[in-house]
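1. Next one to model:
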Amino acid sequence: MKPKPVRPSQSVSADRAARRESPRERLLREGAHGLADAEILQMLLGYALPRKSLQPPVEELIRRFMDLEGVLHASAVELCEVAGVERDSAALIRLAGEIAFRLAVKSEGLRHVLNDPGEVERYLVARLSGMREEKLLLVFLNRQGLVLGEEFLGAGTINQVVAFPRQIMEGCLRHRASGLLVVHNHPHGPPIPSVQDREEAERLREILRPFDIMVQDSIVVGHNRCFSIFRNSPLS
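-> This is a model prediction of the structure:
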């Protein structure tokens, strides 16, 4: 028995029904690949802002941060500057961004081994290049370059880290690390270190050397690229 042909009116009705289907239902039925960035954001914000109009903040987030990746990399302060985005929704977005990063890291192996300049650059660009405020990151390593952990020290510059070597040593003890990458980003410019960046990087290396903690590099991250202070402008 031949199947009945679908009439044009039936096909149009099916298309209209699919468009009326909520992003949540489409996600459950066919996965997220067919959802636009705005639809994913609208779903996410819906859990923190129930029964509120989500279209204005979603449109502003996309306009300000360009796409979903930009939104997930934005800081909590920047997110809360968008009308309609409250602390709970900013926290949810930051959580989603951190989950996405950790899954991306794990998809390449249980832990990263950073013993190659190219691998170091890929890792740090993925971690910092999308951030819109200056951050300082410590990456703790063993002697083989295996990443044992990382800690953000908040916004700041390397000279602020040098002022707290005890805090760094405590971090190395927590992670049982013998090596360290000191990383900060330039969110609004190229990754060109200042003279002070170079001097403070060398100073920190000398402070930690007697404690058998090797500062393997001090790195500046810009948009999609890095600059290694020790490899490109060694001070000793």
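2. Quick one: the helices in this protein, in order.
-> Taking DSSP state H, the helices of the chain run over residues 8-20, 23-30, 37-48, 55-65, 68-73, 76-80, 87-106, 117-128, 158-162, 165-175, 195-208, 229-232.
3. For Val85, give me the backbone phi and psi.
-> phi -100, psi 110 (degrees, to the nearest 10).
4. How about Ala83?
-> When read as degrees, to the nearest 10, the backbone of Ala83 gives phi -60, psi 130.
5. Same question for the lengthiest strand in the chain: list its buried residues.
-> Using DSSP state E to define each element, the chain has its longest strand at strand 214-222. Residues 214-222 are the ones in strand 214-222 that count as buried (16 or more other Cβ atoms under 10 Å). Where C-beta positions appear, they are placed from N, C-alpha and C, glycine not excepted.
6. which residues of the chain score low on pLDDT?
-> For the chain, the stretches flagged by pLDDT under 70 are 1-20, 104-111, 129-130, 154-164, 233-236.
7. domain assignment for the protein?
-> Per the record, the chain has its domains at 8-105, 117-232, by automatic domain parsing.
8. Pick the most buried one from those domains.
-> Greatest average neighbour count among the domains of the chain goes to domain 117-232 (a mean of 17), per mean count of other Cβ atoms under 10 Å.
9. Any idea how far apart the tips of it sit?
-> Start-to-end span of domain 117-232 (Cα to Cα, to the nearest Å) is 12 Å.
10. Could you shift the numbering so residue one becomes 45, and keep it that way?
-> Sure thing, new numbering starts at 45, so read that last one as domain 161-276.
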